[in-house]
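> let's see this in three dimensions:
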Amino acid sequence: MDKPYIAAEAHECKQRAEDPKLPTDERLVWAQLATAAELREIRRLLAKRR
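Next up is the predicted model:
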């Protein structure tokens, strides 16, 4: 069995979300993961400022 693709960064998730070759439901999941990764980065930067 092949291992699934694992994205490490928000931009990688966004690229997968925009890939027209992938099914719509899978693209939606990648879009949600991209959003979550971007929010995590924002939280990390805000925590540094405190």
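> in this structure, which segments are predicted with low confidence?
Across the chain, residues meeting the criterion (pLDDT under 70) sit at 1, 4, 7.
> and the helices in this protein?
Read by DSSP state H, the chain holds these helices, from start to end of the chain: 10-17, 24-49.
> nearest to Asp2, out of those helices?
When these are ranked by distance to Asp2, counting by Cβ to Cβ, first place goes to helix 24-49 at 15.0 Å. Where you see a C-beta, it was placed from the backbone N, CA and C, and this is true even at glycine.
> got the angle for that closest one vs helix 10-17?
Between helix 24-49 and helix 10-17, the angle formed by their directions is 170 degrees, by axes from the mean of the first three to the mean of the last three Cα atoms, to 10 degrees.
> tell me which other helices or strands helix 24-49 touches.
Helix 24-49 sits against helix 10-17, with contacts defined as 3 or more Cβ pairs under 8 Å, 6 or more residues apart in numbering; DSSP states H and E.
> for the helix it packs on, name the packing helices and strands.
Using 3+ Cβ pairs under 8 Å, 6+ apart as the contact criterion, the neighbours of helix 10-17 among helices and strands are helix 24-49.
> quick check: buried residues in the helix it packs on?
Of the residues in helix 24-49, those scored as buried under the neighbour-count criterion (16 or more other Cβ atoms under 10 Å) are Arg27, Trp30, Leu33, Ala34, Ala37.
> residues in contact with the first one?
If I follow you right, that is Arg27. Residues in contact with Arg27 (Cβ atoms under 8 Å, 6 or more residues apart in numbering) are Arg16, Ala17, Glu18, Asp19.
> so Ala34 is in contact with Ala10, correct?
Yes. Checked against Cβ atoms under 8 Å, the pair Ala34 and Ala10 is within contact range at 5.1 Å.
> just name the closest of the buried residues of helix 24-49 to Ala47, please.
Each of the buried residues of helix 24-49 was scored against Ala47 by Cβ to Cβ, and Ala37 proved nearest at 15.7 Å.
> thank you kindly, that will do.
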